[in-house]
Structures are given as structure tokens and as C-alpha cells.
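Participant: sharing a model prediction with you, sequence too.
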Amino acid sequence: MKYAQFFYRRVSRLQFGYCANGATACAGGYGAINLSFGFFRISRVERLSLLLHEARHLEPGGWNHEICPRPFLDSNRQPIVSRPENIRLAGLPACDSSPLSAYGIQIIFYRNLAENCENCTAELKSESAENALRFLIRIINKSAQGILQSDY
Ligand SMILES: [Zn+2]
């Protein structure tokens, strides 16, 4: 399935709207995605990936997030924060446990661009590879994380 098909089968409209925890976008229900002003401050590829993420939430069952561990630290023992919101994620529903979750499909999308895009700039491929790694940390189930890592 192409990404556009994936999106249009789930999403009927985009609208300005409130999102909890300062999120840049969120599923609004009934096929709607709410966008906050922050949505327009992220890069084009981040917007695309976020729309796919929110489209995943609009599926039956919603692919709801898991609560991130407390503390939730990176390899330098620093608190993991969201971008661009810069909100500490420990204890927030901003992690996943499945490789096919909302964050999982973002990781797969970014990897596809980084490794297979034939008309992307080197800069875009590099940004995509970085973003894939940045989101991989949000997959808190080690088995699911391993499945995504082996998908290189
Ligand atoms: Zn989400």
C-alpha cells in the first residue's frame, strides 16, 4: 500500500485543534487530525511522518500509546524529551510496545526514506535516518525494538 492510500483510508480532514501534553498534532476522532501551531514549525518530512502517526491512531482500536518509563533517560543519562515541544516524556503516554504502532510506522517510514528514496536529497536522507533513531528509543519493548532494528 502506498503512503497516500494509507493516509486517505483513515483521515477525512485536518483541522486546528487542542492536543494534550503540548503535542504538535493528535487524532481528533471521526477521521480528523488536530494540528497545533507547532505542527508548522517542524520540517516537511516530520510533518509527513506525524500525519502517518496520527492516521494510525484513527484505526479501530487506536493503537494507543504506552506510558514511558520513569525515569526515561537516554544513553547519556539525560531525560528524553519530545521535539520540538521539549517536554520530558517520563510517565507520559508517549511510548509504544509494538513495531507496528504509531511510532513504529514512523520509524519504518523514516527508514524507507533514508534507505530507499530515489529522489531525496542527502540531507533529507540523513534527517530521516536520525529521526528513525530518535523514535526508536520510544519503543520500550526490547523485542519490538529489536524487530525494528533488524529491519535495516
Ligand atoms: Zn500518538
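Facilitator: Now that the structure is in, tell me what you want to look at. Because the structure is a prediction, the values reported are computed rather than measured. Numbers count the residues shown, from 1 in each chain.

Participant: quick one: Val45 and Glu130 touch, right?
Facilitator: No. The criterion here is Cβ atoms under 8 Å, and Val45 misses it with Glu130 at 10.6 Å. (Glycine included, C-beta is placed from N, CA and C.)

Participant: ok, these two, which is more surrounded?
Facilitator: Remark: of Val45 and Glu130, Val45 carries more neighbours, 18 against 12, as counted by other Cβ atoms under 10 Å.

Participant: so that one: helix, strand or coil?
Facilitator: State at Val45, reduced to three classes by DSSP: H, G, I helix; E, B strand; the rest coil: helix.

Participant: check Ile33 too.
Facilitator: Under three-state DSSP, Ile33 comes out as strand.

Participant: mind checking which helix or strand the nearest residue to Gly91 once chain neighbours are set aside is in?
Facilitator: Counting by Cβ to Cβ, 6 or more residues apart in numbering, Gly91 lies nearest to Arg70, which is 4.6 Å off, once chain neighbours are set aside. For Arg70, there is no helix or strand it lies in under DSSP states H and E.
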